[in-house]
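What follows is a predicted structure for the sequence shown.
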Amino acid sequence: MKASESPPPATPARLFRERVVLTEMRRLGQCSKTEVANQTGFPLQTVVDIVNQLEADGLVSKLGKRLGRVGQPSILYGINPDGVFALGLKVDRCRCDLLAIDFEGRIRDRWVHNYELPHLETVCGFLSGTMHDVVTQERWRGRICGLGVALSHDLWYQPARQGLPEQVIGPWRDRDVAGEFSAAITLPVFVENDTRVAAVAEYLLGAGQEFSKFLHVVIGTHISGALVLGGSLETGAHGRAATLGAIPVGPSRLAHASCGESGDNRLGARASLSGLMRHLGLHGFTIRAVSELPEVLDRARGLVQEWLDDCVEALVEGLTACFAVIDVEAVIIDSGLPQFLVMEIVDKLGRRLAAANVEHLVVPQLRLSRMGADGALVGAAILPINAHFFPSREALAAEQLNETYRLSRGRKRQRSTKT
């Protein structure tokens, strides 16, 4: 090939292997080409070619040499944080947050907009206005690969009980949100619910890095879940996988259980912060959001403890039902509660699950989320990076099928040669 000629386009197999190499390099932090080959199982020359191309594309960079070992010192490589940037937008009931992350997942910038109601036009206007400022900065120019959008439970599932007007909910439900945002900012847009994208962040950057199969549980105003299998989000046939709030559980012993409201015998009523706020309100401690809990915590500690024990009891029932269907390595728990209360939930839940000793069930490990309040935002921003640069479970299955086919063809050729 002449020097002036462009290299041939990469084959699907080559693109897949590039994504696997990038994934392994992200996991290792810094590594030699030999280490990447050992971890991926790819031939060393294949890895050498891929890493060289990734370096030429600015996606990885040399970090130095590993000294102190016998033989030639190894050249170490790592992800180039400035190689690619992405944007994440989280839309809540009263505000939206936009942030920029680099290729390593570190937050580089943030913008916030408050409003009374989450009108689609309001959010779209904020996004397009902010993008004007972003694209004029040299550091971002030409290197933003897309926008991920995380919608809150209210906007994703549109529960009527939240009282948002139809003129607010309707556009989020009926219009092509990704298409309208993409037209406004001229970038690829990916839309998901906030719990699922938080699970993506947890898998790539948080407690989920240790596991390929885990259930992510968020105890928020509503309880919500996300299922990660084989390193990919499992959304289900109808996009409702891990809808934890719908799981039937026994009746609560708290005061509000006698109110006769529909859904009291569901996990969502007993293991959600709306249940905690309702329990506090019935005893004279009215708070509008869990962020106000510290103001009444000292005086209402006994009531909070009652709810916490009831919450754990319901979680034991609900999660045991999950484990009977889905065999996961871990359950990662996140919540907007003060950290010491979340730790208490995890501790009590672990002891109760172990004591239950249900036949034929293996209780997975319980972990606290490492991502915290920014999990959904960072996860949203990771969506476009993930789509462009990291392998999906479907791509892995296709590559495994291709490899099986290649091996089969190779065996047939060997038999025909012998014949």
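Happy to help now that I have it. The structure displayed is predicted, hence computed values, not measured ones.

end-to-end on stretch 90-101?
In stretch 90-101, first residue to last residue: 14 Å (CA to CA, to the nearest Å).

What mean pLDDT does it get?
Per-region confidence: stretch 90-101 scores 92 on mean pLDDT.

chain center to that stretch, what's the gap?
15 Å (CA atoms, centre = their mean, to the nearest Å).

Mind listing what's buried along stretch 352-372?
Residues of stretch 352-372 classed as buried by neighbour count (16 or more other CB atoms under 10 Å): Arg352, Leu353, Val363, Pro364, Leu366, Arg367, Leu368, Ser369, Met371. C-beta coordinates here come from the backbone N, C-alpha and C atoms, glycine included.

hang on, Trp307 packs against Ser274?
No. In terms of CB atoms under 8 Å, Trp307 does not count as a neighbour of Ser274; the distance is 11.0 Å.

Of those two, which one has the most company?
Trp307 (23 against 16; other CB atoms under 10 Å).

The more buried one - that's part of a helix, no?
Yes. Counting by DSSP: H, G, I helix; E, B strand; the rest coil, Trp307 is found in a helix.

which ones are touching it?
Leu254, Gly275, Leu276, His279, Leu280 (CB atoms under 8 Å, 6 or more residues apart in numbering).

what does Thr320 give?
Counted by CB under 8 Å, 6+ apart, Thr320 has contacts Leu353, Ala356, Val358, Leu361.

Among those, find the lowest-pLDDT one for me.
When the contacts of Thr320 are compared on pLDDT, Val358 comes out lowest, with 77.

Okay, that residue and Ile333: tell me how far apart.
Going from Val358 to Ile333 by CB to CB, to the nearest Å gives 20 Å.

now swap in Phe323 and tell me
15 Å.

Ala376 now?
Counting by CB to CB - Ala376 and Ile333 are separated by 15 Å.

quick one: low-confidence parts of the chain?
1-14, 67-72, 157-163, 255-263, 391-419 (pLDDT under 70).

Where do the domain boundaries of it fall?
12-79, 85-199+376-392, 210-370 (automatic domain parsing).

shouldn't Ile185 be in contact with Gly125?
No. Under the criterion of CB under 8 Å, Ile185 is not in contact with Gly125, lying 11.6 Å apart.

Looking at these two, which one has more neighbours?
Ile185 (21 against 13).

quick one: Phe285 from Trp307, how far?
Using CB to CB, which is the criterion applied here, Phe285 is 11 Å from Trp307.

can you give me the helices in the stretch 301-419 of the chain?
Counting by DSSP state H, counting those that start in this stretch, the segments of the stretch 301-419 of the chain that form helices are 301-325, 339-356, 375-389, 393-418.

State the number of residues packed around Ile287.
Neighbours around Ile287, by other CB under 10 Å: 17.

so it sits in a helix?
No. Going by three-state DSSP, the assignment for Ile287 is coil, not a helix.

So the closest residue to it other than its chain neighbours versus His222, what's the distance?
With sequence-adjacent residues excluded and distances taken as CB to CB, 6 or more residues apart in numbering, Ile287 is closest to Met277, at 5.7 Å. Separation of Met277 from His222 (CB to CB): 12 Å.
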